[in-house]
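Asks: Kindly return the folded structure for what I paste below:
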Amino acid sequence: ESHWALDGPHVLCKSAQFRWIPGSKSWRFQFQNVRPASSDQLLLIKYTPQKLYFVKHDFKFGLTTVGERTGALGHHIVLSSSSNTSCWKDAMADVLLQIKSSSSSCKLLGVMDNSDARVSKAISAYFEARATAPDAGAYDSTPMSKLSAPLRGLRIQAIAQEVDAMLN
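Replies: Alright, predicted model coming up:
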C-alpha cells in the first residue's frame, strides 16, 4: 500500500497478484484494506505472470465489505474471471473486458512488462535495502521462514490453539 499527494489529489495505491481460486475455478485479484474515504483517487496495480496493469479505479467496481471488520480494516476489491477459465491470459482478458464495461468507470492507464528495466530496478533497490537491514538473514534457517506473512500468522495461531488446548 502506498499513499501520496503531490500538488494535487491524495492517491491510494494498492497491488494484488492474479491468483487461481480452485473453489470457483477462476482467477482473481483481491485488493485488501481499501478505505474509499481516505483518498481522492485509487490506483490499482494488477500483477500477472507477464505484466503489470495500472488501473484508475472508481471506488465502486468490485468493492465488497468484510463483515464486522470493514470498519477497522476497510473494504476489499475483488475482480474475478469467469468460472472454468483455467488459462490466466484468457482470464485476464475477461477481467479487462469487465473493467472496460459500461457498468465500470475504471480506466486502464497503462501496461508494463515484468521484464521492463524499471521493474528490475525497483526489485533490485528493494533487495539491496533488505540485505542491509538489521534482520536480514535472522530467520533464514527457521521452520517458517519460507511461508508468506499471512500463512505464517495462521500457522502461529494454530500452534497457539494447540498450546492453549494442552494447558486448559
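
Asks: who's in contact with the longest strand along the chain?
Replies: Longest strand of the chain, by residue count under DSSP state E: strand 26-34. Residues from elsewhere that reach strand 26-34 (Cβ atoms under 8 Å, 6 or more residues apart in numbering): 1, 12, 14-21, 42, 44, 46, 59, 63, 73-85, 88, 91-92, 95. Placement of C-beta: from N, CA and C, glycine included.

Asks: rerun that using 7 Å as the cut-off
Replies: 1, 14, 16, 18-21, 44, 46, 73-83, 85, 88, 91 (Cβ atoms under 7 Å, 6 or more residues apart in numbering).

Asks: Strand 26-34 and the next helix or strand after that strand, what's the angle between them?
Replies: Of the helices and strands lying after strand 26-34 in sequence (DSSP states H and E), the nearest is strand 41-47. Angle, strand 41-47 to strand 26-34, by axes from the mean of the first three to the mean of the last three Cα atoms, to 10 degrees: 140 degrees.

Asks: tell me the angle of the very next helix or strand once past strand 41-47 relative to strand 26-34?
Replies: Heading C-terminal from strand 41-47, the first helix or strand you meet, by DSSP H and E, is strand 51-57. Strand 51-57 runs at 50 degrees relative to strand 26-34, counting by the same axes, to 10 degrees.

Asks: Could you pull out the buried residues of the longest helix along the chain?
Replies: With secondary structure taken from DSSP state H, the chain has its longest helix at helix 149-167. Under the neighbour-count criterion of 16 or more other Cβ atoms under 10 Å, helix 149-167 has residue 152 buried.

Asks: sorry, back to before: ok, of the contacts of strand 26-34, which come out buried?
Replies: For those, a burial check counting by 16+ other Cβ under 10 Å picks out 14, 16, 18, 44, 46, 74-77, 79-81, 85, 88, 91.

Asks: which two of those lie the greatest distance from each other?
Replies: Pairwise distances across the buried ones among the contacts of strand 26-34 peak at 28.2 Å for 74 and 85 (criterion: Cβ to Cβ).

Asks: what's the first-to-last distance across stretch 131-139?
Replies: 13 Å (Cα to Cα, to the nearest Å).

Asks: what does that stretch rub up against?
Replies: Taking Cβ under 7 Å, 6+ apart as the rule, stretch 131-139 contacts 130, 145.
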